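1. quick one, fold the following:
(one chain, ligands or ions: 1)
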Amino acid sequence: MKSGIQYQIKVIIIGARQVGKSALTVRYLTRRYIGEYKSHTDLSYRQVFCIDGSSIEVEIVDVSNHPEDTSVPVTRAKNSDACVVVYSISDRTSFKAAHEALAALQASSQRKSFEDDNKEEQEINPAPLSVPVVLLANKKDLGHLRQVEADEGRELAKQFSCVFCEVSAADPAESEPEDLAGIFNQLIKEARSFKIRQQDTNNNAHNNNNGSSNNNRQRKRSVYIINRMLGSLMGRNSMPPELPSSRKGGTSQMASSMPNVAGSFRSVFKKRSV
Ligand SMILES: Nc1nc2c(ncn2[C@@H]2O[C@H](COP(=O)(O)OP(=O)(O)OP(=O)(O)O)[C@@H](O)[C@H]2O)c(=O)[nH]1
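-> Below you'll find the model as predicted:
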């Protein structure tokens with residue numbers, strides 16, 4: 001990390017083709033509106049911001065869509081710290097694509113938490129999105145061509161617990177209460193808090209793992225001691241006795257024929273195990 005930089009945040013902008021992803025990114029970074037962008041590759045912008053006294057290097061990746069592919073390339077959102085999903089209010093297909101993108105993001109969050117959480121609970125309460133997400137309905141200035149109502153966007157955002165805003169890269173006066181810069185800054189702040197929480201969780205998990213490997217080492221040592229004691233009680237080449245199983249409600253053949261040894265085994269086990 002460069003000196004003076006406290007955090008690095010990667011924000012991914014995804015959405016269907018021609019919804020204004022580049023126009024919104026450039027509007028945020030330069031406060032200007034540039035009408036035409038011709039690019040078939042992802043555009044990456046880096047800028048250092050001072051937000052709430054923290055120096056944050058923000059990388060914004062404006063994800064390009066393959067001209068023949070109508071789906072949103074959600075896999076690009078992997079390894080990002082925040083995500084902006086864009087659709088155009090004058091294009092219902094782009095709204096549908098945004099819905100699919102949010103569902104795919106949620107599915108990938110769910111897969112991640114399935115690996116270590118209670119699966120039944122996950123089925124009842126779907127996992128929240130794994131990174132902070134904002135849903136932006138762009139081209140608000142094109143009200144006369146509107147195909148998607150603001151309430152539909154709001155409802156969709158509610159369904160996926162993300163922030164929603166109708167904006168216009170072309171005409172900022174059309175944006176909802178917060179300006180575009182306010183929305184992006186809020187998202188970056190949220191991503192920073194998210195990252196800090198995640199680092200804390202990882203550190204705790206790491207410490208717990210160290211603790212359990214120490215326990216494992218101690219457990220191995222106690223098993224070794226038990227084996228040695230059994231060896232001296234029964235002679236080197238004898239097989240260790242089976243422990244009497246209280247669950248089965250009976251004693252093993254070996255234990256009943258050698259009650260003293262079984263008793264010793266149990267007391268040794270109790271004393272030495274951890
Ligand atoms: N009226 C209006 N037009 C917009 C707005 N934002 C973008 N546009 C126009 O929409 C078209 C597409 O804008 P881009 O920013 O290139 O959209 P994109 O999503 O990056 O496009 P792809 O890279 O093809 O996926 C351009 O002609 C822009 O001028 C807006 O807020 N209002």
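2. look up how far the ligand lies from residue 140.
-> 7 Å (C-beta to the nearest ligand atom, to the nearest Å). Yep, even glycine has a C-beta here, placed from its N, CA and C like the rest.
3. got the phi/psi numbers for that residue?
-> phi -60, psi -20 (degrees, to the nearest 10).
4. how about residue 141?
-> phi -70, psi -20.
5. contact partners for it?
-> 168, 170, 171, 174 (C-beta atoms under 8 Å, 6 or more residues apart in numbering).
6. just the buried subset of those, please.
-> 168, 170 (16 or more other C-beta atoms under 10 Å).
7. which two of the contacts of residue 141 have the greatest separation?
-> 170 and 174 (8.0 Å; C-beta to C-beta).
8. what secondary structure does residue 25 sit in?
-> helix (DSSP: H, G, I helix; E, B strand; the rest coil).
9. need the residues that contact the helix or strand encompassing residue 157.
-> Assessed by DSSP states H and E, residue 157 sits inside helix 150-159. Residues outside helix 150-159 that contact it (C-beta under 8 Å, 6+ apart) are 87, 89, 95, 98, 99, 102, 135, 137, 163, 164, 166.
10. of the residues you listed, which belong to strands?
-> 87, 135, 137, 163, 164, 166 (DSSP state E).
11. most neighbours among those, please name it.
-> residue 137 (30 neighbours; other C-beta atoms under 10 Å).
12. hmm, that one is touching residue 163, no?
-> No - counting by C-beta atoms under 8 Å, residue 137 does not reach residue 163; the two are 11.7 Å apart.
13. give me the residue from the stretch 1-150 of the chain nearest the ligand.
-> Closest to the ligand within the stretch 1-150 of the chain is residue 20: 2.9 Å, counting by C-beta to the nearest ligand atom.
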